[in-house]
Structures are given as C-alpha cells and as structure tokens.
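[1] Structure for the following, please:
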Amino acid sequence: MPKKKAFALRLDENMMKALEKWAGDEFRSTNGQLEWIIRESLKKAGRLPKGSITNPKPDENPIQE
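    Alright, predicted model coming up:
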C-alpha cells in the first residue's frame, strides 16, 4: 500500500459543509471523498502518475443499489 502524506487544508465553511454532505451521500469519509475527487481529476487530466492505484479501496466505493 502506498504511503500517505498528511497536510493541512483550509476550506471555506460552506465548501466544507457541501463536501461533508457529498461524502455522506456517497458513503465515504470526508477524507475519502477528497481523495476520490483528486484521483478523478488527475486521471481526467492525464496526470495520474504511472503505477498509481486508479481504483479506490472497496470501502471507499459508494454503495450501489
């Protein structure tokens, strides 16, 4: 498993509330949601480093009905 680096992120209060709601709607933690958003953006821009994990861990996937 790749090492994870912690860092501080400052967000506007309304943006944080929206992010927390979005994460909850998709059954992810807020951190998991941020990782998913960043991973998808990097993939879309063709900037995801080679050898990176392109699929989230099973516990980060939203529940499908």
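
[2] What are the contacting residues of the helix or strand harbouring residue 19?
    When elements are assigned from DSSP states H and E, residue 19 belongs to helix 13-25. Residues outside helix 13-25 that contact it (CB atoms under 8 Å, 6 or more residues apart in numbering): 11, 29, 30, 32, 33, 34. From N, CA and C alone the C-beta is placed, and that goes for glycine too.

[3] so which of those residues is the most crowded?
    Sorting these by how many neighbours each has (other CB atoms under 10 Å) puts residue 33 first, at 21 neighbours.

[4] How about that residue, nearest residue that isn't a chain neighbour?
    residue 23 (3.6 Å; CB to CB, 6 or more residues apart in numbering).

[5] remind me, longest helix of the chain?
    Assignment by DSSP state H gives helix 30-44 as the longest helix of the chain.

[6] buried ones in that one?
    Buried residues in helix 30-44, counted by 16 or more other CB atoms under 10 Å: 32, 33, 35, 36, 39.

[7] for stretch 15-33, same thing?
    23, 28, 32, 33.

[8] sorry, back to before: would you reformat the buried residues of helix 30-44 as JSON lines and include pLDDT and distance to residue 45?
    Shown next, in JSON lines, are the buried residues of helix 30-44 (pLDDT from 0 to 100; distance: CB to CB, whole Å):
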{"residue": "32", "pLDDT": "96", "distance to residue 45": "20"}
{"residue": "33", "pLDDT": "97", "distance to residue 45": "19"}
{"residue": "35", "pLDDT": "95", "distance to residue 45": "16"}
{"residue": "36", "pLDDT": "95", "distance to residue 45": "15"}
{"residue": "39", "pLDDT": "93", "distance to residue 45": "11"}
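
[9] Present those as CSV; the columns should include distance to residue 47.
    Output for the buried residues of helix 30-44, formatted as CSV (distance: CB to CB, whole Å):
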residue, distance to residue 47
32, 20
33, 20
35, 15
36, 16
39, 11
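
[10] which of those lies closest to residue 3?
    residue 35 (13.6 Å; CB to CB).

[11] Hmm, residue 48 and residue 42 touching each other?
    Yes. If you go by CB atoms under 8 Å, residue 42 and residue 48 touch, sitting 4.4 Å apart.
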